[in-house]
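S.K.: sharing a model that was predicted from the sequence below.
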Amino acid sequence: MATKTEEGAGAGTAARSDGTPAEAGTAGEERTPGTKGPDAAAAGTADARADATARTEEETGEESGEVTGEDEAAPAAGAEGRSPSGVGQGAAAVVSAALGLVSLTGGWIGTVAGAREQLVGQLRTSTGASVATQLKEVYADSWHTTALWAGLFALTALITGVVVLARPAFGAPGRPQAAWIKSVAWAGVSLGVIGLLLAVLKYSDALINLPSAG
């Protein structure tokens, strides 16, 4: 027994003197099962860096998506703000209706123009002129002037109303015209047609003709 122990001790000493088996055995004895080697630590560090990079890219993508959405929403809001509100069309429709009413009454301009024409006729007519001539120069021309101005107002009302009604066909698609604008514009067109018809009848002496001289 003593001999075998000495031989084993001698073999262990010889192995340690050579270097390789002894170091391997020592390293195997000193390494614990829960300790990782250098390669495993490097792999863990690389995985952590990859995860951090992926999270950074995802956050950057989300931020860029939010900015892009805001940029797209801003032009849309600006386009809505620049879209026509219909105020101009409504004002034109009201003007059309007002001009139609003026054409039926003759208006202040028509009255002044008729009075001026009457004054001119009196100045041109001599005292010895016939009654028919006096009627024509003093009254007929004055009435015709009033009818002419009424016809101009009626024609303007008619054209303005038609333009308002036709405006949506040349405006932004999918934007209907307000109902009250259509109603007022149609009223202007109707008054314009009636006023124009009356003006033509008055100017041609078909509606209210001059009294006969005899």
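M.R.: Done, it's in.
S.K.: residue boundaries of the helices in this structure?
M.R.: 2-18, 20-30, 38-82, 87-105, 107-124, 131-134, 141-166, 179-203 (DSSP state H).
S.K.: in the shortest one, which residues are buried?
M.R.: Buried residues in helix 131-134, counting neighbours by 16 or more other C-beta atoms under 10 Å, are found at residue 134. Placement of C-beta: from N, CA and C, glycine included.
S.K.: just the CA atoms of that helix, as PDB, please.
M.R.: What follows is helix 131-134, C-alpha atoms only, in PDB (Å, rounded to 0.1, in the frame of the first residue of the first chain):
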ATOM      1  CA  VAL A 131     -99.500 118.400 -80.100                       C
ATOM      2  CA  ALA A 132     -98.200 115.100 -81.500                       C
ATOM      3  CA  THR A 133     -94.700 116.400 -81.700                       C
ATOM      4  CA  GLN A 134     -94.900 117.800 -78.100                       C
END
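S.K.: which elements pack onto it?
M.R.: Helix 131-134 sits against no helix or strand, with contacts defined as 3 or more C-beta pairs under 8 Å, 6 or more residues apart in numbering; DSSP states H and E.
S.K.: contacting residues for residue 176?
M.R.: residue 168 (C-beta atoms under 8 Å, 6 or more residues apart in numbering).
S.K.: cool, residue 113 as well?
M.R.: 145-146, 148-149.
S.K.: for the residues you listed, give me a markdown table that also has distance to residue 127 and neighbour count.
M.R.: Below are the contacts of residue 113 laid out as a markdown table (distance: C-beta to C-beta, whole Å; neighbours: other C-beta atoms under 10 Å):
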| residue | distance to residue 127 | neighbour count |
| --- | --- | --- |
| 145 | 24 | 21 |
| 146 | 26 | 24 |
| 148 | 28 | 16 |
| 149 | 30 | 21 |
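S.K.: take these and write them to CSV, including distance to residue 189 and pLDDT.
M.R.: Converted to CSV, those look like this (distance: C-beta to C-beta, whole Å; pLDDT from 0 to 100):
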residue, distance to residue 189, pLDDT
145, 25, 91
146, 23, 91
148, 21, 93
149, 20, 93
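S.K.: and of those residues, the nearest to residue 157?
M.R.: Nearest to residue 157 among these: residue 149, at 12.8 Å, using C-beta to C-beta.
S.K.: wait, that closest one sits on residue 108?
M.R.: No. Using C-beta atoms under 8 Å as the test, residue 149 is too far from residue 108 to be in contact (9.8 Å).
S.K.: if we can go back for a sec, export the contacts of residue 113 to a markdown table and tack on distance to residue 175?
M.R.: Formatted as a markdown table, the contacts of residue 113 follow (distance: C-beta to C-beta, whole Å):
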| residue | distance to residue 175 |
| --- | --- |
| 145 | 44 |
| 146 | 42 |
| 148 | 39 |
| 149 | 37 |
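S.K.: from those, which is closest to residue 92?
M.R.: residue 149 (21.2 Å).
S.K.: who are the contact partners of the closest residue to the closest one other than its chain neighbours?
M.R.: Excluding its sequence neighbours, the residue lying closest to residue 149 (C-beta to C-beta, 6 or more residues apart in numbering) is residue 110, at 3.6 Å. Residue 110 is in contact with 145-146, 148-150, 153, counting by C-beta under 8 Å, 6+ apart.
S.K.: ok, residue 110 to residue 122 distance?
M.R.: Computed as C-beta to C-beta, to the nearest Å, the residue 110 to residue 122 distance reads 19 Å.
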